[in-house]
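Enquirer: below are the sequence and a predicted model for it; my questions follow.
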Amino acid sequence: QVQLVESGGGLVQAGGSLRLSCAGSGRTSTRYAMGWFRQAPGKEREFVAAMSWWGSGTYYADSVKGRFTISRDNAKNTVYLQMNSLKPEDTAVYYCAARVRAGSYVYTSDYDYWGQGTQVTVSS
């Protein structure tokens, strides 16, 4: 089992920045791909960004490409999401997820473990 805990969410004005963190604990010796998803009220959870375990592969939703950056520190069992140039439409609960099995990066069904989420609110 792996436990994931997100932090770093909050309220920010449009154009501002936030950095989310996701700390893993438990069975962290396994090599996990990591992803970030978000869910706005009344909408389905959607893919934001993902990174392979070794960090060479990064993937982004078109809506965040060029503004968000995913990174990871395997020694600290932590993955980050740097969010710049935030827009009101980025407002959502952000979740990190870990994927054990081989597969794609963009579907919620590909991931095995989830954090509890952290709220990001961007005011206009």
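Expert: Right, received. Where do you want to start? Numbers count the residues shown, from 1 in each chain.

Enquirer: what about the helix or strand harbouring Q3, average pLDDT?
Expert: Secondary structure assigned from DSSP states H and E places Q3 in strand 2-7. Across strand 2-7, pLDDT averages out at 94.

Enquirer: now the element after that strand, going C-ward?
Expert: Toward the C-terminal end, the helix or strand that comes next after strand 2-7 (DSSP H and E) is strand 10-13.

Enquirer: and that following strand, which strands flank it?
Expert: Using DSSP bridges, the strands paired with strand 10-13 are strand 118-123 (parallel).

Enquirer: buried set for the strand it pairs with?
Expert: For strand 118-123, a neighbour-count test (16 or more other Cβ atoms under 10 Å) marks T118, V120, V122 as buried. Where C-beta positions appear, they are placed from N, C-alpha and C, glycine not excepted.

Enquirer: give the contact list for R72.
Expert: M34, M51, G55, T78, V79, Y80 (Cβ atoms under 8 Å, 6 or more residues apart in numbering).

Enquirer: partner residues bridging it?
Expert: V79.

Enquirer: roughly how far apart are the spatially closest residue to Y107 that is not a sequence neighbour and D73?
Expert: Nearest non-adjacent residue to Y107, counting by Cβ to Cβ, 6 or more residues apart in numbering: F47, 7.3 Å away. Per Cβ to Cβ, to the nearest Å, F47 is found 22 Å from D73.

Enquirer: isn't Y32 right up against V2?
Expert: Yes - look at Y32 against V2 with Cβ atoms under 8 Å: they come within range, at 7.1 Å.

Enquirer: between those two, what contacts are shared?
Expert: Counting by Cβ under 8 Å, 6+ apart, the contacts common to Y32 and V2 are G24, A98, Y113.

Enquirer: how about the residue nearest the centre of the chain: what's its closest non-neighbour residue?
Expert: The residue lying closest to the centre of the chain (Cα atoms, centre = their mean) is W36, at 2.1 Å. Distances taken as Cβ to Cβ, 6+ apart place V48 nearest to W36, at 4.3 Å, with adjacent residues excluded.
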